[in-house]
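Asks: Okay, sequence plus prediction incoming.
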Amino acid sequence: MLIPWFMRSKLGAWLFFVGSAAAVALTIQTGIETPWLGAALALGLGVFALKRFLDRRRMRRLLTSGNVALVLEAWHESLRRVPHSETMRPLVIATLLAAHGMLDGARRALDQAKRGRAWDAALEHRLLLQTLISAFDGQSAQALSSANHLASLPIVPASPFMQARIASLRAAVVAFAKSFAHQAEDRDIAALKHAAGENPLVHWPMRYAAAVAYVDLGQPLKARELLQSVPNWPEDSVFHHFQRELEERL
């Protein structure tokens, strides 16, 4: 089952890393003592790694396709089993819709989320969602406030790899808000492009933000490159209007 990146536990990612390292060590040790068994274990690890790679690539393609219905279909079982589903399921759906520029649907989903302990614990998630919606609504000050609040949160103890990914995404969210406030700099564009490549859910929001920054900095050709092969956005997505406005400016 393909699980959204923001639904994966930081502890789970750390345990997977430790478990993978232990499995590799076991395979090497077994291969030294019993070559045929070591070869069989290595083959099994290779198949498992290939499946994970293919699953991740398939989810990336799905999340960057612009087809919300297909994403929700792929996530159906994961969303059904997510802890505190009365809070987290609407939040996840709202984030997916907001990341596709469908703000009315995102607000409706957000209104369905139950307030409580899980709501309070999902502050980081909510700040990301608030930043997306506010920026797309043209509320630049609110978007910047939410993004900076997100960046100021402590990073819960996790593996160094996860800490780096969290810090990178938070920096990109701040750059996103700055771009739609027309305050972006070259380093912000780098953060946006990196996040677009690393986090498929926010691929298009980050790309559009980078395109806006390039236009503001007088580099329209680079903005055009970022907008090649965009999905055919529905009219209820703000990206449909962004695309038309950017094309006119370019």
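Replies: Okay, I see it. Not measured: the values here are computed from a predicted model.

Asks: Please count neighbours and contacts with C-alpha atoms only from this point.
Replies: Noted.

Asks: Check the offset of the host helix or strand of residue 195 from the chain's centre.
Replies: Secondary-structure assignment from DSSP states H and E places residue 195 in helix 186-198. Here helix 186-198 is found 13 Å from its chain centre; the criterion is C-alpha atoms, centre = their mean, to the nearest Å.

Asks: how much space between residue 159 and residue 201?
Replies: Look at residue 159 and residue 201: by C-alpha to C-alpha, to the nearest Å, they are 22 Å apart.

Asks: And these two? Which one has more around it.
Replies: Legend: neighbour count by other C-alpha atoms under 10 Å for residue 159 and residue 201, higher for residue 201 (24 against 16).

Asks: what sits against that one?
Replies: Counting by C-alpha atoms under 8 Å, 6 or more residues apart in numbering, residue 201 touches 60, 63-64, 96, 99.

Asks: what's the answer for residue 180, then?
Replies: Residues in contact with residue 180 (C-alpha under 8 Å, 6+ apart) are 135-136, 138, 140, 209, 212-213.

Asks: Next, the angle from the following helix or strand past the helix holding residue 195 to helix 186-198.
Replies: Per DSSP H and E, the first helix or strand lying C-terminal to helix 186-198 is helix 203-216. If you take axes from the mean of the first three to the mean of the last three C-alpha atoms, to 10 degrees, helix 203-216 sits at 160 degrees to helix 186-198.

Asks: what's helix 203-216 packed up against?
Replies: Using 3 or more C-alpha pairs under 8 Å, 6 or more residues apart in numbering; DSSP states H and E, the elements in contact with helix 203-216 are helix 160-180, helix 186-198, helix 220-226.
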